[in-house]
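Novice: got a predicted structure plus its sequence, pasted below:
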Amino acid sequence: MTNSIEVKDLTLNFGSVSVLKNMNLNVAEGEFVVLLGPSGCGKSTLLNCLAGLLEITDGQIFIKGKNVTWAEPSERGIGMVFQSYALYPQMTVRGNLSFGLKNAGVARDEIERRVARAAEILQIGPLLDRKPAALSGGQRQRVAIGRALVRDVDVFLFDEPLSNLDAKLRSELRVEIKRLHAQLKNTMVYVTHDQIEALTLADRIAVMRGGIIQQLAAPQEIYNRPANLFVAGFIGSPSMNFLPGATVEGGHVFRRGDLSLSLAGYEGGTIGTRDKVILGLRPEHLVVQDHAEPGVTLPAVVELDEPMGADSLVWLQAAGAQVSVRVPVERRMAPGTQVHLKVDMSKASLFDAGSETRI
Amino acid sequence: MVDATAIYTRSDAVPRGTKPKRALSGRNIMIYGTLLVFSLYYLLPLWVMVMTSLKGMPEIRMGNIFAPPVEITFEPWVKAWSQACTGLNCDGLSRGFWNSVTILIPSVILSIVVASVNGYALTFWKFKGSDVFFTILIFGAFIPYQVMLYPIVILLREMGLYGSLWGLVLVHTVFGMPILTLLFRNYFSTIPEELFKAARVDGAGFWAIYAKILMPMSLPIFVVAIILQVTGIWNDFLFGVVYTKPDLYPMTVQLNNIVNSVQGVKEYNVNMAATLLTGLVPLFIYFVSGKLFVRGIAAGAVKG
């Protein structure tokens, strides 16, 4: 598969502040890549660089094999959708959709054809003669997507497109964007801080922090095998349980105080004996049971449970740390109950406490 | 269950809600009294002017300046407009009026076009040092005109514009720049940047974004700028008298020359009519655009 977007050694400084550091990113044709990270991690900045809205300090950007590092936004073959919709308020929906095409000198009947097609795909036909002020948030965002659609480009850039919508609309439009991608097969780069959006939409997720991509992988890979402590903590809600400890006996046993857990099933690199490691366990990879199994379970005391509809989240005190476990909702547990948590070591993550990277 | 009478008696016993206000409270007397005094303060001179301008000279000599005219005459207005003498010209204020109009129109258009593009560039197309540039520009608003009068005379002379209409237009444009740029920049900075980005992705360049996206969104601030410039330039006296020659004197300068002429009888009625005529343009502008003006000023002033 050829690369649709290639970013080579991209660096961006604002004055003395380095926002993006020596970044490399390849996006395959038709791929849906989500840039995910907390505020200020540089994800929107990277997107703006791809769009040509920010001048980069160093590096190169290729779109469809063409070096567009210094090209104008309109010459890059991209369409962009913004968080605040950014519709032109004085123009009708039709005017908004056709503005870019008029600027590009597209023939009138071709403009009409493309607007009609976009309106059909996004089901905004009846709204074409309205002004943006007369539209709801969801409709506005649909028009904003339409504006990218009519440009007939290969690359779509989304800058937190759903953040201004309420929860219900957000999940509706999320599905719609996914359907759109399946239908159009465009390359899409999508910025969000919402991990649900990232996990549901992406072919690959790039988790970013401090202007650096921490991990770039498929959603399941990111979820199951986070590359470092930051990714592990950022992805997943409720977040992963972390147990600091040490590996002993040549790396076959995890020890934390009196607690010993066998690392036999762990899937990863060679562990070896280490003084300081952090064991990461996702809430759904722990099973509550009544009896102890040496080397596989840890004793815990129930603190409280939170029924969440589909399942229930139980908070426990285990080995001197607070641990959360996902259990079926029927299983109510009274505070103070003594239980044992069975660890599925094949799904656990082990991090070196110093470098914070996965072992 | 609570029945209606119970509610009635209860609310009767314990008064609730805000206390009704009396119309003739001390507070109201103070407020309306003050307002009345101030309106009298402004209206009385206007009354005197209008009345005097409608009287003949014999009636004025009797001295009752507050009294309405016994015999209404429009002679002074006609004379002020078309016959009053300033220097060698005896064609009244009309010449000054048309001079003012020919100065006003290019000055207003030029200054607003330049300042709005300035504000636009300083908001959306920031360049290295644009903030310093802006600060220096704003600083210009605080330099007293008197300091610059003579240097500008030399400058205009060297440019071959001294004494011409275009020289004065240039001066008005330059002096309007700091405050107008500030006005436009503040207004444009309330427009979301994503709109500007979307337009760039849509292939609109510097001028297309300005003309097709920003201008249609910014009518109120353009109205404010037009009002500020029209009244400011119309009322200008200093630049008009310094940078033009008698043939091109604006209305204000001519008014001064009519009112302050030392020869012959002081024709108070003509003077009053001339003054009112000169004031009509700004008055008209304020009446027509009062609401828009307030809205635009508020919009431009909130964010700094």
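Specialist: It's in. Numbers count the residues shown, from 1 in each chain, chains lettered A, B, ... in the order given.
Novice: what about residue 239, which helix or strand?
Specialist: Unless you meant another one, I'm taking chain A. Assigned by DSSP states H and E, A:Ser239 belongs to neither a helix nor a strand.
Novice: to clarify, I was referring to chain B.
Specialist: In the assignment (DSSP H and E), B:Phe239 maps to helix B:238-243.
Novice: can I get the following helix or strand past that helix as CSV, trimmed to CA atoms?
Specialist: Downstream of helix B:238-243, the next assigned helix or strand under DSSP H and E is helix B:251-259. Output in CSV follows, covering the C-alpha atoms of helix B:251-259 (Å, rounded to 0.1, in the frame of the first residue of the first chain):
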residue,chain,number,x,y,z
MET,B,251,-17.1,74.6,5.7
THR,B,252,-15.9,74.9,9.3
VAL,B,253,-13.1,77.3,8.3
GLN,B,254,-15.5,79.3,6.2
LEU,B,255,-18.0,79.5,9.0
ASN,B,256,-15.3,80.9,11.2
ASN,B,257,-14.5,83.5,8.5
ILE,B,258,-18.1,84.5,8.2
VAL,B,259,-18.8,84.8,11.9
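Novice: which parts of helix B:251-259 are buried?
Specialist: B:Met251, B:Thr252, B:Val253, B:Gln254, B:Leu255, B:Asn256, B:Asn257, B:Ile258, B:Val259 (16 or more other C-beta atoms under 10 Å in any protein chain shown). The way it works is simple: take the backbone N, C-alpha and C, and place the C-beta from them, glycine included.
Novice: what helices and strands are in contact with it?
Specialist: Secondary-structure packing of helix B:251-259 (3 or more C-beta pairs under 8 Å, 6 or more residues apart in numbering or on different chains; DSSP states H and E): helix B:94-124, helix B:219-235, helix B:238-243, helix B:268-301.
Novice: using JSON lines, lay out those together with distance to chain A and mean neighbour count.
Specialist: Shown next, in JSON lines, are the helices and strands packed on helix B:251-259 (distance: least, C-beta to the nearest C-beta, whole Å; neighbours: other C-beta atoms under 10 Å in any protein chain shown):
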{"stretch": "helix B:94-124", "distance to chain A": "11", "mean neighbour count": "20"}
{"stretch": "helix B:219-235", "distance to chain A": "10", "mean neighbour count": "20"}
{"stretch": "helix B:238-243", "distance to chain A": "37", "mean neighbour count": "19"}
{"stretch": "helix B:268-301", "distance to chain A": "15", "mean neighbour count": "17"}
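Novice: mean pLDDT added to those helices, as a markdown table?
Specialist: As requested, those are arranged in a markdown table below (pLDDT from 0 to 100):
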| stretch | mean pLDDT |
| --- | --- |
| helix B:94-124 | 94 |
| helix B:219-235 | 90 |
| helix B:238-243 | 91 |
| helix B:268-301 | 79 |
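Novice: so B:Ile233 sits against B:Leu104, correct?
Specialist: Yes. B:Ile233 lies in contact with B:Leu104 (C-beta atoms under 8 Å); the separation is 5.3 Å.
Novice: nearest residue to A:Gly210 other than its sequence neighbours?
Specialist: Nearest non-adjacent residue to A:Gly210, counting by C-beta to C-beta, 6 or more residues apart in numbering or on different chains: A:Cys41, 6.4 Å away.
Novice: do you know the pLDDT at the one you found?
Specialist: You'll see A:Cys41 listed with a pLDDT of 89.
Novice: my guess is it meets A:Ala206, correct?
Specialist: No. Applying C-beta under 8 Å as the test, A:Cys41 and A:Ala206 come out as separate, 10.2 Å apart.
Novice: show me what from the stretch 151-300 of chain A comes close to chain B.
Specialist: Applying C-beta under 8 Å from any C-beta of the partner chain, we find that the stretch 151-300 of chain A lies next to chain B at A:Asp159.
Novice: OK, contacts around B:Val171?
Specialist: Applying C-beta atoms under 8 Å, 6 or more residues apart in numbering or on different chains to B:Val171 gives the contacts B:Ile152, B:Leu156, B:Phe239, B:Tyr243.
Novice: again with A:Gly268
Specialist: By C-beta under 8 Å, 6+ apart, the contact list for A:Gly268 reads A:Arg225, A:Ser349, A:Leu350, A:Arg358, A:Ile359.
Novice: A helix includes it, no?
Specialist: No. Read with DSSP: H, G, I helix; E, B strand; the rest coil, A:Gly268 is coil and lies in no helix.
Novice: how close does it sit to chain B?
Specialist: 43 Å (C-beta to the nearest C-beta, to the nearest Å).
Novice: could you do A:Ser324 as well?
Specialist: 38 Å.
Novice: strands along the stretch 251-359 of chain A, start to end?
Specialist: For the stretch 251-359 of chain A, strands defined by DSSP state E, counting those that start in this stretch occupy the ranges A:253-256, A:259-262, A:274-281, A:286-289, A:297-307, A:311-318, A:321-328, A:338-343, A:349-352.
Novice: return the most buried member of those strands.
Specialist: Sort the strands of the stretch 251-359 of chain A by mean neighbour count, taking mean count of other C-beta atoms under 10 Å in any protein chain shown, and strand A:349-352 sits at the top with a mean of 22.
Novice: need the contact partners of that one.
Specialist: For strand A:349-352, contacts defined as C-beta under 8 Å, 6+ apart pick out A:225-226, A:228-229, A:232, A:240, A:247, A:254, A:263, A:266, A:268, A:271, A:274, A:276-281, A:357-359.
Novice: specify which member of the contacts of A:Gly268 is nearest to chain B.
Specialist: Of all the contacts of A:Gly268, chain B sits closest to A:Arg225, with 36.2 Å by C-beta to the nearest C-beta.
Novice: pretty sure the closest one sits against A:Ile359.
Specialist: No. Judged on C-beta under 8 Å, A:Arg225 makes no contact with A:Ile359 at a distance of 11.2 Å.
Novice: the two - which one has more neighbours?
Specialist: Higher neighbour count among A:Arg225 and A:Ile359: A:Ile359, with 19 against 16, using other C-beta atoms under 10 Å in any protein chain shown.
Novice: could you find the closest non-adjacent residue to that one?
Specialist: A:Leu350 (4.6 Å).
Novice: give me the pLDDT value at that neighbour.
Specialist: pLDDT for A:Leu350: 92.
Novice: now do the one 5 residues further on
Specialist: The pLDDT attached to A:Ser355 in the predicted structure is 89.
Novice: what about it, neighbour count?
Specialist: So A:Ser355, with other C-beta under 10 Å, has 10 neighbours.
Novice: how much space is there between it and A:Gly42?
Specialist: Here the criterion is C-beta to C-beta, to the nearest Å. By it, A:Ser355 lies 22 Å from A:Gly42.
Novice: kindly reformat the strands of the stretch 251-359 of chain A as JSON lines containing distance to B:Tyr286.
Specialist: JSON lines is the format used below for the strands of the stretch 251-359 of chain A (distance: least, C-beta to C-beta, whole Å):
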{"stretch": "strand A:253-256", "distance to B:Tyr286": "80"}
{"stretch": "strand A:259-262", "distance to B:Tyr286": "82"}
{"stretch": "strand A:274-281", "distance to B:Tyr286": "71"}
{"stretch": "strand A:286-289", "distance to B:Tyr286": "75"}
{"stretch": "strand A:297-307", "distance to B:Tyr286": "65"}
{"stretch": "strand A:311-318", "distance to B:Tyr286": "66"}
{"stretch": "strand A:321-328", "distance to B:Tyr286": "68"}
{"stretch": "strand A:338-343", "distance to B:Tyr286": "78"}
{"stretch": "strand A:349-352", "distance to B:Tyr286": "72"}
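Novice: ok, which of those strands comes nearest A:Ile212?
Specialist: When those are compared by C-beta to C-beta, strand A:349-352 sits nearest A:Ile212, at 17.4 Å.
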